[in-house]
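# Sequence and predicted structure below; questions after.
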Amino acid sequence: DAKTTQPTSMDCAEGRAANLPCNHSTISGNEYVYWYRQIHSQGPQYIIHGLKNNETNEMASLIITEDRKSSTLILPHATLRDTAVYYCIVRHATSGTYKYIFGTGTRLKVLA
Amino acid sequence: NAGVTQTPKFRILKIGQSMTLQCTQDMNHNYMYWYRQDPGMGLKLIYYSVGAGITDKGEVPNGYNVSRSTTEDFPLRLELAAPSQTSVYFCASKDSSLANEKLFFGSGTQLSVL
């Protein structure tokens, strides 16, 4: 599985969009990008995933560059409850590879 | 729907003791995982299983053993506990369908080895 690189920490003002980048320059054509977050000491929570097209759900939007070497998770209107560690994961989504390898993530702090 | 249940929530072990961390899920998920998280760090994959009777090593399997005799249960065994195994342990499960990519996590077991 391709490795990912994320900034260690970021701050965002409450109500503003939080844009969390992830670099996955060694990603292969059939590897998906996943985002999870971990609030305080709870178990991580799934946010969104995508292959090459941009994706949006009720929680966030995922923008993947055309060359797929990087992506950005967007929380459109960050709230204090979005303060968490955000993990970007790249994983082969077809049968044969089932491991989810988490990196160190980005610690997002939403400021009042 | 209980989801993924881990027991115990907290445990203190002495060096050299052994214990089993329990994990059970009621979602009929084939895939199950054990992670550990050291303070201020990300999650490290210990072992995983793609179905009953099938287990495989993750990133940091040394000092641990697992078994998967049923779909629901995936216990993690620590033999000869060491201070380096002080960590929070998370169990997770996932449906085998490619259309459902969500990992569901338990609330964790905080283990201290003194």
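Yep, it's here. Numbering: from 1, shown residues only, chains lettered A, B, ... in the order given.
# separation between the closest residue to chain A within chain B and A:Lys52?
Going by CB to the nearest CB, chain A is nearest to B:Phe105 of chain B, at 2.7 Å. C-beta: built from backbone N, CA, C; applies to glycine. From B:Phe105 across to A:Lys52, the span is 27 Å (CB to CB, to the nearest Å).
# Chain A against chain B: which residues are in contact?
With CB under 8 Å from any CB of the partner chain as the criterion, chain A comes near chain B at residues A:32, A:34, A:36, A:41-46, A:49, A:85, A:87, A:93-94, A:98-105.
# tell me which residues form a beta bridge with the spatially most central residue of chain A?
Geometric centre of chain A, nearest residue: A:Trp35, 3.4 Å, by CA atoms, centre = their mean. In this entry, A:Trp35 is beta-bridged to A:Ile48, A:Cys88, by DSSP bridges.
# residue contacts, it?
A:Trp35 makes contacts with A:20, A:22, A:46-49, A:60, A:62, A:73, A:86-89, as judged by CB atoms under 8 Å, 6 or more residues apart in numbering or on different chains.
# So for the residue nearest to the spatial centre of chain B, what's the nearest residue that isn't a sequence neighbour?
The centroid of chain B falls nearest to B:Trp34 when counting by CA atoms, centre = their mean (2.9 Å). Excluding the flanking residues, the one nearest B:Trp34 by CB to CB, 6 or more residues apart in numbering or on different chains is B:Ile46, at 4.3 Å.
# I figured that neighbour hits B:Cys23, correct?
No: counting by CB atoms under 8 Å, B:Cys23 is not a contact partner of B:Ile46; they are 11.4 Å apart.
# pLDDT value on residue 75, please?
Going with chain A. Per-residue confidence (pLDDT) for A:Leu75: 97.
# wait, I meant chain B there
B:Pro75 is given a pLDDT of 98.
# Tell me how far the host helix or strand of A:Tyr32 lies from the chain's centre.
Under the criterion of DSSP states H and E, A:Tyr32 resides in strand A:31-38. Its chain's C-alpha centre and that of strand A:31-38 lie 5 Å apart, by CA atoms, centre = their mean, to the nearest Å.
# For chain B, give me its nearest residue in chain A.
A:Gly43 (2.7 Å).
# measure that residue to B:Asn65 for me?
In terms of CB to CB, A:Gly43 sits 22 Å off from B:Asn65.
# Kindly report the same for A:Arg81.
Distance, A:Arg81 to B:Asn65, by CB to CB: 38 Å.
# More neighbours: the two, which one.
Counted by other CB atoms under 10 Å in any protein chain shown, A:Arg81 and B:Asn65 do not tie: B:Asn65 has more neighbours, with 15 against 9.
# which ones are touching the more buried one?
Counted by CB under 8 Å, 6+ apart, B:Asn65 has contacts B:76-77, B:79.
# Go again with 7 Å.
Going by CB atoms under 7 Å, 6 or more residues apart in numbering or on different chains, B:Asn65 touches B:77, B:79.
# now it: how far from B:Arg77?
Distance from B:Asn65 to B:Arg77, counting by CB to CB: 4 Å.
# how deep is B:Ser96 tucked in, by neighbour count?
With other CB under 10 Å as criterion, B:Ser96 counts 13.
# So which bits of chain B are right by chain A?
Counting by CB under 7 Å from any CB of the partner chain, the residues of chain B close to chain A are B:31, B:33, B:41-43, B:45, B:48, B:50, B:58-59, B:88, B:90, B:98, B:101-103, B:105-108.
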